[in-house]
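Peer 1: could you work out the structure for the sequence below:
(one chain, ligands or ions: 1)
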Amino acid sequence: MGEHADKSIVTRRIALLLAALIVGAATGPAPGPVRIIGGPTTGCIAGAVELPPQGPGYVTIHLAASAFWGAPSTVAAVQLLGRQSQAAGIGELYVEEISRPRGGPISGVHAAHQLGLDIDLGLDTRPKPALTSAERETVELPTLVRPDRRFVLEDRWSPATATLLRLAAELPDTDRVLVNPAIKRKLCDSVTGNRAWLRRIRPWYGHAAHMHIHLACPADQSECVSQPPPPAGDGCDATLAWWFEQLDAPPAPASEKPKPPPPMPAACRPILAGENPS
Ligand SMILES: [Zn+2]
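Peer 2: So this is what the prediction gives:
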């Protein structure tokens, strides 16, 4: 309870309101063929489809504050992960966020989820009771990380947790999966055999109760700007140690103001304004 502070419902409701103001009257997806425009922190999508509220192995949560639209390949990826998780004996996945119907800004917490290529889902793999519709709005994702942020909570970690992360990392289109550094460290310390997938599991702030799956730009989307690929290797190295060094010696507060996000691509304006894309 209460430790899922990286994405509180209040924050998300405010973000949703802001997104609604930006998106204006555009409530449904922009029609037409799939068109993904922009990069990791600014962009939009036309031709998005909505993930059904539930399916084999998954259910969506926090429906009032979240949105579940994405590229057709993104929706297919969630459905595949649900089926694979179910087959692996993992409890129902709680899907918390994909994108708005036309993409664009959604969250003040981090800038992703604008292209219909990002998925947030809970890390808790335990069997779960069926939720009432009210519970689906309020259910909290339990953190897997100790309050000191250095290690996972062993009583909430199981081999199934690693299996779920591997399935997510090995989805056909996965570019990277963001998790708390303590979760990455636990994988580094415990995964044996094939470790190639660890390259795609990257440490990031928060993400102690949910993972963020970022899918690569589909090959036919020339206006979609990819991130640089993760560095070679399993990432169980100095780049991971850096996160824990910051806990020991946090850097001085930045004297510069944080940079504003890059401007929205011009081709997104008619999409986000609700006009049909040209
Ligand atoms: Zn996310």
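Peer 1: who's in contact with the nearest residue to I90 once chain neighbours are set aside?
Peer 2: Of all residues not flanking I90 in the chain, T125 sits nearest, at 4.6 Å (CB to CB, 6 or more residues apart in numbering). Every residue, glycine included, has its C-beta placed from N, CA and C. Neighbouring residues of T125 by CB atoms under 8 Å, 6 or more residues apart in numbering: S85, I90, G91, S158, A160, T161, T163, L164.
Peer 1: what about G47, how many neighbours?
Peer 2: By the measure other CB atoms under 10 Å, the count of residues near G47 is 18.
Peer 1: what of the one 5 residues further on?
Peer 2: Applying the criterion other CB under 10 Å, we find 13 residues in the vicinity of P52.
Peer 1: tell me the contacts of D234?
Peer 2: Going by CB under 8 Å, 6+ apart, D234 touches C188, R195, A196, L198, R199.
Peer 1: ok, now how distant is the nearest residue to it once chain neighbours are set aside from A160?
Peer 2: Setting aside the residues directly before and after it, D234 is nearest to L198 in space (CB to CB, 6+ apart), at 4.0 Å. Distance of L198 to A160, given as CB to CB, to the nearest Å: 17 Å.
Peer 1: looking only at neighbour counts, state which of these two leads.
Peer 2: Shown here are L198 and A160; by other CB under 10 Å, L198 has more neighbours (20 against 16).
Peer 1: wait, a helix at that one?
Peer 2: Yes: per DSSP: H, G, I helix; E, B strand; the rest coil, L198 lies within a helix segment.
Peer 1: can you pull the contacts of it?
Peer 2: A169, L187, C188, V191, D234, G235, C236.
Peer 1: so, low pLDDT: which residues of the stretch 151-278 of the chain?
Peer 2: Applying pLDDT under 70 to the stretch 151-278 of the chain picks out residues 254-256, 275-278.
Peer 1: please repeat the previous calculation with a cut-off of 50.
Peer 2: Filtered on pLDDT under 50, the stretch 151-278 of the chain yields the residue ranges 277-278.
Peer 1: what is the residue in the stretch 101-250 of the chain positioned nearest to the ion paired to in the beta sheet?
Peer 2: At 3.5 Å from the ion, H212 is the closest residue in the stretch 101-250 of the chain, using CB to the ion. Beta-bridge pairing for H212 (DSSP bridges): D120, L178.
Peer 1: run a quick neighbour tally on it.
Peer 2: By other CB under 10 Å, neighbour count at H212 equals 22.
Peer 1: H113 is in contact with I98, isn't it?
Peer 2: Yes: H113 is within contact range of I98, at 7.0 Å (criterion: CB atoms under 8 Å).
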